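**Student:** quick one, fold the following:
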Amino acid sequence: MAKAKSCRRTIDSYTVKHISKTIRPGDCVLMRPSDSSKLSYVARVEKIEAADGRGGGTSVRVRVRWYYRPEESIGGRRQFHGSKELFLSDHLDYQSADTIEGKCTVHNFISYTKLDAVGNEDFFCRFEYNSSTGGFNPDRVAVYCKCEMPYNPDELMVQCEGCTEWFHPTCIEMTPEEAKKLDCFYCLSCSSEDQNKLQNSHVSTGHSDEKVDTKRRRR
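**Tutor:** Here you go, the predicted structure:
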């Protein structure tokens with residue numbers, strides 16, 4: 001005799017008993033990996049389904065859209081990837097709701113950079129990832145500094161008060177400790193331009209020996 005197929009129904013929410021948390025579609029969750037030595041997987045819940053078993057119990061599964069960590073992508077982790085950065089993939093899967101270990105928050109990039117403190121359950125995402133081709137959307141983002149790299153929120157940067165460009169301290173021959181002590185900063189280009197303007201002004205007015213007060217600059 002053929003087995004009767006369990007009828008699954010979509011539900012609006014489910015309380016995971018072992019963590020005492022209620023999950024709903026749209027929530028981001030941490031999911032238990034099969035290898036306990038690995039970090040928890042991160043996923044977004046797309047759908048929750050329940051099915052009644054023969055013994056009167058109910059099994060619940062979630063349809064999830066996986067987030068990938070940079071090292072799980074085809075290109076691997078790069079210098080500008082933040083330690084809490086994730087890529088929202090096109091990889092969909094069904095998992096038992098009982099494999100959920102907790103809830104987390106995946107912020108957009110701007111919101112993440114404005115956090116006063118980053119908790120263990122805080123992540124950010126600025127790219128969508130195609131798991132079969134290794135492609136990203138968007139495929140380009142703004143770059144900064146002399147090194148022309150995208151912004152890594154884990155790294156300290158200083159802003160030039162002249163051109164408003166951002167620089168990594170190491171790219172302008174400065175230690176992070178020195179950068180933190182800056183009152184203001186002008187990049188080499190802006191400093192050179194100001195000096196040229198000052199010299200031209202002295203020549204045109206005929207007062208090349210007169211002392212001129214300038215704004216203090218540090219590099």
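
**Student:** and H91, how many neighbours?
**Tutor:** For H91, the count of nearby residues is 15 (other CB atoms under 10 Å). In short, each C-beta sits where N, CA and C put it, glycine included.

**Student:** over to R65?
**Tutor:** Counted with other CB under 10 Å, residues neighbouring R65 total 16.

**Student:** how close does it get to H168?
**Tutor:** For R65, the distance to H168 (CB to CB, to the nearest Å) stands at 34 Å.

**Student:** now swap in N130 and tell me
**Tutor:** For N130, the distance to H168 - CB to CB - is 30 Å.

**Student:** which phi and psi does R61 have?
**Tutor:** Main-chain torsions, R61, degrees, to the nearest 10: phi -130, psi 160.

**Student:** what's the pLDDT at it?
**Tutor:** Listed pLDDT for R61 reads 96.

**Student:** what's the answer for E210, then?
**Tutor:** Looking at E210, its pLDDT is 36.

**Student:** out of N130 and H168, name the residue with the larger neighbour count.
**Tutor:** In this view N130 and H168 are compared by other CB under 10 Å, and H168 has more residues nearby, 19 against 15.

**Student:** who are the contact partners of the closest residue in space to that one that isn't next to it in sequence?
**Tutor:** Distance criterion CB to CB, 6 or more residues apart in numbering; nearest residue to H168, sequence neighbours excluded, is C145 at 5.2 Å. Residues near C145 by CB atoms under 8 Å, 6 or more residues apart in numbering: M157, E165, W166, F167, H168, C171.

**Student:** and those as JSON lines, adding distance to L88?
**Tutor:** Formatted as JSON lines, the contacts of C145 follow (distance: CB to CB, whole Å):
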{"residue": "M157", "distance to L88": "26"}
{"residue": "E165", "distance to L88": "30"}
{"residue": "W166", "distance to L88": "26"}
{"residue": "F167", "distance to L88": "30"}
{"residue": "H168", "distance to L88": "27"}
{"residue": "C171", "distance to L88": "30"}
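
**Student:** only whichever of those residues are buried, select them in PyMOL.
**Tutor:** Remark: buried members of these, expressed as a PyMOL selection using 16 or more other CB atoms under 10 Å:
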select buried, resi 157+167+168
